[in-house]
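1. The following comprises the amino acid sequence and a computationally predicted model.
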Amino acid sequence: MLKSKTSRWLAGPYLVWMAAFIVVPLFIVIWYALTNADGQFTLENLTQIGRYSSVFARSLILAAVSTVICLILAFPVGYFLSRLRANKQHIMLMLVMLPMWMNFLLRTYAWMTLLEKNGLINKFLGLFGIGPFNMINTSGAVVLGMVYNYLPFMILPIYTAMTKIDDSIIEAAQDLGCNVWQILWRVLVPLTGPGIATGITQVFVPSVSTFIISRMLGGGSNLLIGDLIELQFLGNSYNLNLGSAMSLVLMVIVLLCMSFTSSFDESEMEGVM
Amino acid sequence: MNKKQSIILQRTYIVLIFCFMYLPIAVMIAFSFNESKSRSNFTGFTLDWYKSLFHNEMILSALGLSLVLALVSSVLATVLGTLATIGINSMSRRTQLVVNNISYVPVVNPEIITGVSLMLLFVMAQNFGLGGDSGLFGWPTLLIAHITFNVPYVIFNVGPKLRQLDPSLYNAALDLGCTPRQAFFKVILPQLSPAILSAFLICLTYSIDDFMISYFNSGTMQTLPIAIYSMTRKKVSPEINALSAVMFCVILAIILISNAADSRAYRRNQTAIRKAMQEEGAR
Amino acid sequence: MMKAEKRVAAALSAALLALVSVPGALADGGTITVNEDISVSEDCDWTRFADDNITLNVYNWGLYISDGSDDSVDVLSAFEELTGIKVNYTTFDSNESLYAKMKSGGATYDVIFPSDYMVGKMAAEGMLAPLDFDNIPNFKEIGEDYLGWDFDPDNTYSVPYTWGTTGLIYNTTLVDEAPTSWAALWDVQYANNVLMFNNSRDAYAIAAKKLGYSLNPASVEEVETVMQELKAQKSVVQAYVMDEIFDKMEGGEAAMAPYYAGDALTMIDENPDLAFVHPSEGVNFFVDSMCIPANSKNKEAAELFINYMCEPSVGLANCDYIGYSTPITRVWEQLDDDLKYNEIAYPGEDVMNKAEVFTTLPDEINAAMDAQWSEMKSYEEGGSGWMVVVLLGLALVISFFNIWRKLRKKVRDDY
């Protein structure tokens, strides 16, 4: 159907668009990364990144920690939701997605007001004579911001995968004498593998590259890769070439992460968005 | 552990998660009615912040820009993407794979890299004299950037649907004397339209919500997220709380309406099926 | 049409009033009243661009104009009403980000507000257009003291907008004794209670003054020594901020922070527990100027805007709201006494003698400062070696997990 030579031309405009605005920009990033301000070839930008290895390490660790927390929090939610009655599921799903549609700057800002020294959480704890705690401007606050912002991205694919698991499979496992942990490890986790993989990428990639969360909740002293890149492009240390080199490294990191998660399941990446 | 306990446990867990997700939003809405500017003391009830929000020129014009931009870019992206899907579908398997993989790039790439790479492209184009004296940055760059990150969502939403279509329908239309164009508009497009519509809506939400990519490509223009960002970088006015509350209500309303429409359509569907079955039985 | 008529009528009545009430007003030239707070000189043809449908892109510091919030005068809408020119007003938060945005070509502006050293740097790189002072008659209002600085000796490119000093803002309820020196910002007693400038030049200046250096480094080595001092400060600093400081200091989130004197006044107004001091080591004296980028396509309209900003009534509204010190003599004369003789806004000889102005640095030192700043911000107290180790461990665990999974799968497939 529709497999005529003429209909192939319909993709023409998009192919041109794709080449101009997806492929070419990536090559420009590479080109900038490998030249200096005068346009001469150099590897200096890439070698300079070594100095910022701590930032890269911090970003990766914080993103990994948030991803794990998201996974732990989201897995039961996905399971419980998928066992509800259909009309209830629908409402709950809407409730999960609703905060996602709010502007994420506003949501992050809300946490800022909650976590402050004189913020609501400390005020509340103060009523019981606890605290005040130092919460804002710490790595913990950054992780919290990431978990909060990206949790729905973990819940949704896990939930989708869970709905495909029939109750009878779990019952069968129970009948065969599996305990709760065995059901979890032997049945639920393997069957939701693709959902988990999608969730991990959807949480890890934005977490590792954010600069808003670290700036608003981290106080600018917990720099992440995103901050560093932004600093080179529109911030205090104007250096497009170094910024491009950093972007390049970030891209490689994301590719590695993707190749890891996609090894869970090669076919099941489509249709989860 | 018996069944009842486990259900209670489940309920509590879900409630706790929802508390976590809605706590900040609830706090912002509550403090949008706060009389003083304090972010932690509630001193009295007022609607003043809503009043000043609706007189805030900066926010209103940013909102206008965001809406127009989202609409235009989503329409263009949907058209471009739908055409592309049909074209890609008739390519060889190998080419399809290449094109799809490249289209994935803006989806999986961190947004900051998409933003930065487009910025570098536009800077370069500008250095070659494109855009004249006034420069390229502004409407053109924003529009291009938004279309670029929206098109893949169209392709990946409409693509699967297109592959599921029954080819014999199209062929039947041709046999019955339709021109390929007529067959496309009368047979293919109506079947694709739900997928196209949902792709369009996805584009709309992504476009309105985008900050990262617009941030690097906006020139002197301010979309709503950029305006919000510049608000949070200054002395923050409680107008921002009012804005959150308004946005929350609008989104809630949209969801409720679409939900109601959905369930009505569902019910209508069910009734029709029941009726048909009854008729079948009666016969 | 209606509007124009109204304006003429307003102008006429204002002129008449001036004639009747103030003898000698004629020599001064009449004024046009835009609203109850803003009235401008009649010498200038304000409406000459009214029909050209021009939009001016104005790029200013955040919270740096009287914009109508908190019942202040809205000078921008008054300008739009007066001239028929639309203003697209956006804000930046440091000289460096202004420079980055312009240098990359990411945006084209018509009026920008860089500080002294940035004026010099931009002028040297050909990013600014020389001003035509025939279009800025109000230039004469600017006091002599604020003209002819090194960064722009003949004021070819810049018209001073405000000036001021940096200093230390502290919360009297959160400090044991009032600080008098920049060294207080390094005091471990206030660990996690100190905010710091989030831009390289201002932060550098403080560390340099603390060490007794000039705030304009003469060599790359000097930059390194001073940046080392900023690294040492990191464990004490709660957050690096620019205009976020308003909320944080007013809300009692931190004990002390360095910032600009004008903003300190605004903060003290909001929270009377706050106080301000000019540290004894000396401070930075700055002049923020109005300039027109070389690639502006509305240069004359931009000059009209600058002229408008130099109008005494406009200057007064701005000065009143933002608290910075004004270079316009007639504005200073009209200020309330508590601001006019305020030690914070208009410090005495003792402070001014020790104040230093930023100069434009040579490229090499500038590049070093930018790079070192990124590095300082990335630096982690106590070394970051552990993070790399943790990361390697993590990667190992993941790859082992992956191999184990594949092996298991293989075993299962073999069944």
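-> It's in. Quantities reported herein were computed from a predicted structural model and do not represent experimental measurements.
2. I'd say C:Glu96 and C:Phe197 touch.
-> No. Between C:Glu96 and C:Phe197 there is no contact under Cβ atoms under 8 Å: 11.3 Å. In short, each C-beta sits where N, CA and C put it, glycine included.
3. Work out for me the element residue 58 sits within.
-> Went with chain A since none was named. helix A:53-82 (DSSP states H and E).
4. actually chain B
-> helix B:57-89.
5. Lowest mean pLDDT among the helices and strands, pick that one out for the chain.
-> All of this refers to chain A. helix A:5-8 (a mean of 74; mean pLDDT, DSSP states H and E).
6. The chain in question should be chain C.
-> By the measure given (mean pLDDT, DSSP H and E), helix C:25-28 is the least confident helix or strand of chain C, showing a mean of 42.
7. So which elements touch the very next helix or strand once past that helix?
-> Per DSSP H and E, the first helix or strand lying C-terminal to helix C:25-28 is strand C:31-33. Packing partners of strand C:31-33 (3 or more Cβ pairs under 8 Å, 6 or more residues apart in numbering or on different chains; DSSP states H and E): helix C:2-21, strand C:39-41.
8. next one: strand C:31-33 to chain centre, how far?
-> 30 Å (Cα atoms, centre = their mean, to the nearest Å).
9. Partner strands of it and their direction?
-> strand C:39-41 (antiparallel) (DSSP bridges).
10. pLDDT averaged over the partner strand - what is it?
-> Averaging pLDDT along strand C:39-41 gives 90.
11. list the contacts for residue 82?
-> No chain was given, so I picked chain A. Residues near A:Ser82 by Cβ atoms under 8 Å, 6 or more residues apart in numbering or on different chains: A:89, A:159, A:162-163, A:165.
12. right idea, wrong chain: chain C
-> Neighbouring residues of C:Leu82 by Cβ under 8 Å, 6+ apart: C:7, C:32, C:34, C:38, C:40, C:46-47, C:308.
13. A:Val205 looks like it's in a helix, true?
-> Yes. Counting by DSSP: H, G, I helix; E, B strand; the rest coil, A:Val205 is found in a helix.
14. Report whether the expected contact of it with A:Val254 is present.
-> Yes. Counting by Cβ under 8 Å, A:Val205 touches A:Val254, with 5.6 Å between them.
15. anything in contact with each of those two?
-> Jointly contacting A:Val205 and A:Val254 under the rule Cβ under 8 Å, 6+ apart are B:108, B:110.
16. Looking at those two, which is more packed in?
-> A:Val205 (25 against 19; other Cβ atoms under 10 Å in any protein chain shown).
17. separation between that one and chain C?
-> 16 Å (Cβ to the nearest Cβ, to the nearest Å).
18. list the contacts for that residue?
-> Counting by Cβ under 8 Å, 6+ apart, A:Val205 has contacts A:254, A:257-258, B:108, B:110.
19. Out of those, who's the most crowded?
-> Highest neighbour count within the contacts of A:Val205: B:Pro110, with 23 neighbours (other Cβ under 10 Å).
20. In this structure that residue contacts A:Val254, no?
-> Yes. Taking contacts as Cβ under 8 Å, B:Pro110 lies within contact range of A:Val254: 6.0 Å.
21. next structured bit after the helix holding A:Arg58?
-> Criterion used, DSSP H and E; the element after helix A:53-82 is helix A:86-97.
22. on contacts alone, who are the packing partners of that next one?
-> Using 3+ Cβ pairs under 8 Å, 6+ apart, the elements in contact with helix A:86-97 are helix A:53-82, helix A:139-163, helix B:3-31, helix B:239-282.
23. and the angle for the last one with helix B:3-31?
-> Here helix B:239-282 runs at 140 degrees with respect to helix B:3-31, directions being taken by axes from the mean of the first three to the mean of the last three Cα atoms, to 10 degrees.
24. Who are the contact partners of the residue nearest in space to the middle of chain C?
-> Closest residue to the average C-alpha location of chain C: C:Trp61 at 4.7 Å, with Cα atoms, centre = their mean. Going by Cβ under 8 Å, 6+ apart, C:Trp61 touches C:91-93, C:113, C:288.
25. Isn't C:Tyr170 up against C:Asp273?
-> No. At 9.4 Å, C:Tyr170 does not count as touching C:Asp273 under the criterion of Cβ under 8 Å.
26. and the two? which has more neighbours close in?
-> For C:Tyr170 and C:Asp273, the more surrounded residue by other Cβ under 10 Å is C:Tyr170, and the numbers stand at 27 against 13.
27. any idea how far the host helix or strand of C:Asp288 is from the chain center?
-> According to DSSP H and E, C:Asp288 maps onto strand C:285-290. For strand C:285-290, the separation from the chain centroid amounts to 8 Å (computed by Cα atoms, centre = their mean).
28. Mind giving me the packing neighbours of that strand?
-> Using 3+ Cβ pairs under 8 Å, 6+ apart, strand C:285-290 sits against helix C:116-124, strand C:159-171.
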